[in-house]
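Enquirer: starting from these lines, generate the structure:
(4 chains)
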2 protein chains.
Amino acid sequence: MLTIRELAKQSGFSPTTISLVLNDSPAGQHIPEKTRQKIRDLAAKLGYHPNQFARSLRSSRSYALAVMVPDISDPYCAQVLLGINKSLFGSKYLPVLVDIQNNRARFRHYARTLLERRVEGVIAVANSLQLQTEILGTLAKRGIPVIVIGRESTHQGISSVSVDNETGARIALEHLYEKGHRRIAFIRGPRKVVDSARRWRGISDFAKSSALPLDKKLIVEMKDAASSSEEGFEAMKKLLRQTRGFTAVVAFDDMTAFGAIRALTQAGIKVPEDCSVVGFDDVAAAAYYNPPLTTVSHSMEKLGNLGVSIFLEAAQKAGKDGRILKATQRKLEPLLVVRKSTSTV
Amino acid sequence: MLTIRELAKQSGFSPTTISLVLNDSPAGQHIPEKTRQKIRDLAAKLGYHPNQFARSLRSSRSYALAVMVPDISDPYCAQVLLGINKSLFGSKYLPVLVDIQNNRARFRHYARTLLERRVEGVIAVANSLQLQTEILGTLAKRGIPVIVIGRESTHQGISSVSVDNETGARIALEHLYEKGHRRIAFIRGPRKVVDSARRWRGISDFAKSSALPLDKKLIVEMKDAASSSEEGFEAMKKLLRQTRGFTAVVAFDDMTAFGAIRALTQAGIKVPEDCSVVGFDDVAAAAYYNPPLTTVSHSMEKLGNLGVSIFLEAAQKAGKDGRILKATQRKLEPLLVVRKSTSTV
DNA sequence: TTGTAAGCGTTATCAT
DNA sequence: ATGATAACGCTTACAA
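Expert: Model prediction:
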């Protein structure tokens, strides 16, 4: 492998000069263009690449960003990852993927590993369960920027990028209301999940302000977060057993909506002709579901983008003055995407 | 940060002894248990972690495995990633995620970066287009184990884990045949995509051996690989414009099947009552689609597992005798997963 | 049984 | 304007 010393020999300049040129170091301001050219040309010709290990050892920087996801096969994660990758391209950072598998032990294990590897930051896609904060806190305390995606962080020193759940739920309901729906059913998220409460507040606020009655018979609550599609399916079946007196459903999220739609179709109820359905998230499959799902989009890609830009800023600051950037909280406004699963009464 | 030298001072032993103990080096066989204990205890107490940068510099090993995907938001990739991550857990390797975005320029860019970072291997999820081989070849030539997932590699020095497409297509068709279907339509994959031809061979072989006529009117070919769901939708609409004389469809893959189902539903044709549909891949969404899709599963998770085990073996060999393991080709037998999108005539 | 010292490749400091 | 040198922290051949 070609080293800078070898390059020095071949070019007749010293390693120092070469390093200064190749890194455009401010300390090498005075090196004449002619020298620079010679060095650059030779480096290119010989295919010289600085050894990252040596660099890292010198600078104690890994140029690695850890991306933690609760479960890689969750389509929600995939979109966020997309955003992260796009934003990271062009920077000198490479993402290290860490899949927690919704598992506490793995979480601990990886937290250690990441420390040892000296990753320069961690972007963690929020788990529906709240496992994370404590361990992430450990990382943050060690001076590593931690950014949580998808949930507001209360913890000092942890940044977050999340969605305005309240507004999201409100515009979903508003859409149905405007389409003339008055008998609307709800599949609420599990109590444990933080988002549930917020979304429900959006619902009840809108209901109050528009004098829409919320019938308890039309409200089902999900049990836990695993396989929301199955849960949506069951919830809808339960709903249908009790009553058919509704013309629309607000589902907790897209996966729930998918399950609900299946149950409706199976019961011979057509979506959207006989019953409208709205989801939340705008997961990729929403666009090609049968029928394509009207849903609240909060551009998970954008969540990822924002997460990266917070990280990049923190990393830069850290490199400069060795100080730690204080945590940032950002919130994204959601948007309704109207597809084929909703229609007028 | 605590160094081995500091630990040496505190313990009264030399850095050498400490290194030998902490790494269970064969060279340190003769160190008595008592010393070992003392050292281990102190290291644990002080929370000593060896600096990976220094280690890497010494050993020129990065303990990083690059995972290249054509498009992270493709559900096919997600499943493979899951398998890779699961298999990598417990090893000392961490996956570096590289999303090519179906883009040649990015591919080149990342190939360079990965070389510089000295990743110890590359697992590349096959692109539907054939961009890859040349650049991957460059990596392989440099002695980095390259494993392609999802397509047979012809290139010397590149390993691969792929699916028996022929068998897969055959069992899909066979299933419909056994359910009594005789007028069967086909949405063929794009010509460019290698898998298309293989799957079609499986189809025509079965047709021949069972005297099933293949009616040209019932065969549509897709144009390119982008957004196969949309293409499936269009293909089915085209099919329906020409004729309705079929009771079942074999789609190129799951995404195509999703599109086809949407078109059928939209035309008032019920799946599976009026028309059966089979897919290929068993993407996650297949399980919760409306209706849940009968499809050929080739456990992409397992593809990922196998890819990792090939890599791990190669990496170990490389570490030992510095030699490069010769490329391995593996093929997985697919399996039919019967769900709700197919029924008897 | 344990310790000394060299070297991995880079870059920052200081000298020329 | 350019170069010599030391240091980053670890491992390992060799010495004691």
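Enquirer: show me what stretch A:305-316 is in contact with.
Expert: Contacts of stretch A:305-316 from elsewhere in the structure, counted by C-beta atoms under 8 Å, 6 or more residues apart in numbering or on different chains, are A:65, A:80, A:83-84, A:86-88, A:91, A:93, A:120-121, A:123, A:145, A:147, A:149, A:159, A:161, A:324-325, A:328, A:330, A:332. C-beta here means a position set from N, CA and C on the backbone, and glycine is covered the same way.
Enquirer: list the buried residues in it.
Expert: Of the residues in stretch A:305-316, those buried under the neighbour-count criterion (16 or more other C-beta atoms under 10 Å in any protein chain shown) are A:305-312, A:314-315.
Enquirer: please apply the same query to stretch A:120-140.
Expert: Applying 16+ other C-beta under 10 Å to stretch A:120-140 flags A:120-128, A:131-133, A:135-137, A:139-140 as buried.
Enquirer: same question, stretch A:249-266
Expert: Of the residues in stretch A:249-266, those with enough neighbours to count as buried (16+ other C-beta under 10 Å) are A:249-265.
Enquirer: which residues in chain A form helices?
Expert: Under the criterion DSSP state H, chain A contains helices at A:4-11, A:15-22, A:33-46, A:52-59, A:75-88, A:104-116, A:132-141, A:165-178, A:194-209, A:228-242, A:254-266, A:284-288, A:300-321.
Enquirer: deepest-packed of those, please.
Expert: Comparing these on average neighbours per residue, with mean count of other C-beta atoms under 10 Å in any protein chain shown, the densest one is helix A:254-266 at a mean of 26.
Enquirer: distance between that helix and the chain's centre?
Expert: Taking C-alpha atoms, centre = their mean, to the nearest Å, the mean C-alpha location of helix A:254-266 is offset from the chain mean by 24 Å.
Enquirer: and what of stretch A:219-230?
Expert: Per C-alpha atoms, centre = their mean, the displacement of stretch A:219-230 from the mean C-alpha position of its chain is 21 Å.
Enquirer: ok, now which ones touch the residue sitting nearest the centre point of chain A?
Expert: Central residue check for chain A by C-alpha atoms, centre = their mean: the C-alpha nearest the mean position is that of A:Val80, 3.8 Å away. For A:Val80, the contact set (C-beta under 8 Å, 6+ apart) comprises A:69, A:125, A:149-150, A:300-301, A:303-304, A:307.
Enquirer: 10 Å instead, please
Expert: Taking C-beta atoms under 10 Å, 6 or more residues apart in numbering or on different chains as the contact definition, A:Val80 lies against A:67, A:69, A:74, A:123, A:125-126, A:149-150, A:161, A:299-305, A:307, B:72-73.
Enquirer: how near is it to A:Val283?
Expert: Summarising the geometry, the distance separating A:Val80 from A:Val283, computed by C-beta to C-beta, to the nearest Å, is 11 Å.
Enquirer: which residues of chain A score low on pLDDT?
Expert: Confidence mapping of chain A against pLDDT under 70 gives the ranges A:128-132, A:225-227, A:319-325.
Enquirer: what's the domain layout of it?
Expert: Following automatic domain parsing, one finds the domains of chain A at A:4-50, A:61-164+A:300-333, A:165-297.
Enquirer: what's the neighbour count on the closest residue to A:Lys92 other than its chain neighbours?
Expert: Of all residues beyond its chain neighbours, the one nearest A:Lys92 is A:Tyr63 (5.1 Å), with distances taken as C-beta to C-beta, 6 or more residues apart in numbering or on different chains. Number of residues near A:Tyr63 (other C-beta atoms under 10 Å in any protein chain shown) recorded here: 18.
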